[in-house]
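Undergrad: turn this into a model:
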Amino acid sequence: MPGPEVSDDDVDILRYIRLRPEPFATARDIEPDMDVGYKQTRNRMNQLVDDGLLNVKLVGTTKVYWLSDEGKAVLSGSD
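TA: Okay, here's the model as predicted:
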């Protein structure tokens, strides 16, 4: 069964996380490079978690996101 359709903007989020020196990112890290504000960036990242493309963990009061295996597969198919 195929996974959810991934938009170009979502691939950009995944790619940004993959290219960072750290293997993770927060919504605040990504928001300056997005065309939308912080809340919309965070909501899109949470949707990527729901879609199985990102993993998330709460560290203190900050959500930290990293690529799931499915997210890595989506990126390797888009390159």
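Undergrad: quick one: contacts of stretch 69-77?
TA: Here stretch 69-77 makes contact (Cβ atoms under 8 Å, 6 or more residues apart in numbering) with Gly3, Val6, Val11, Leu14, Arg15, Arg18, Leu48, Gly52, Leu53, Leu54, Leu67. To be clear about C-beta, it is placed using only N, CA and C from the backbone, and glycine gets the same treatment.
Undergrad: now the buried members of those residues.
TA: Val6, Val11, Leu14, Arg18, Leu48, Leu53, Leu54, Leu67 (16 or more other Cβ atoms under 10 Å).
Undergrad: next up, the contacts around the third one.
TA: Just to be clear, that refers to Leu14. Going by Cβ under 8 Å, 6+ apart, Leu14 touches Val6, Leu48, Leu53, Leu54, Leu67, Gly71, Val74, Leu75.
Undergrad: try it again at 10 Å.
TA: Leu14 is in contact with 6, 45, 48, 53-54, 65, 67-68, 71-72, 74-75, 78, counting by Cβ atoms under 10 Å, 6 or more residues apart in numbering.
Undergrad: secondary structure element holding it?
TA: Following DSSP states H and E, one finds Leu14 within helix 8-19.
Undergrad: neighbours of the nearest residue to Ser68 once chain neighbours are set aside, how many?
TA: Of all residues not flanking Ser68 in the chain, Asn55 sits nearest, at 5.1 Å (Cβ to Cβ, 6 or more residues apart in numbering). Counted with other Cβ atoms under 10 Å, residues neighbouring Asn55 total 16.
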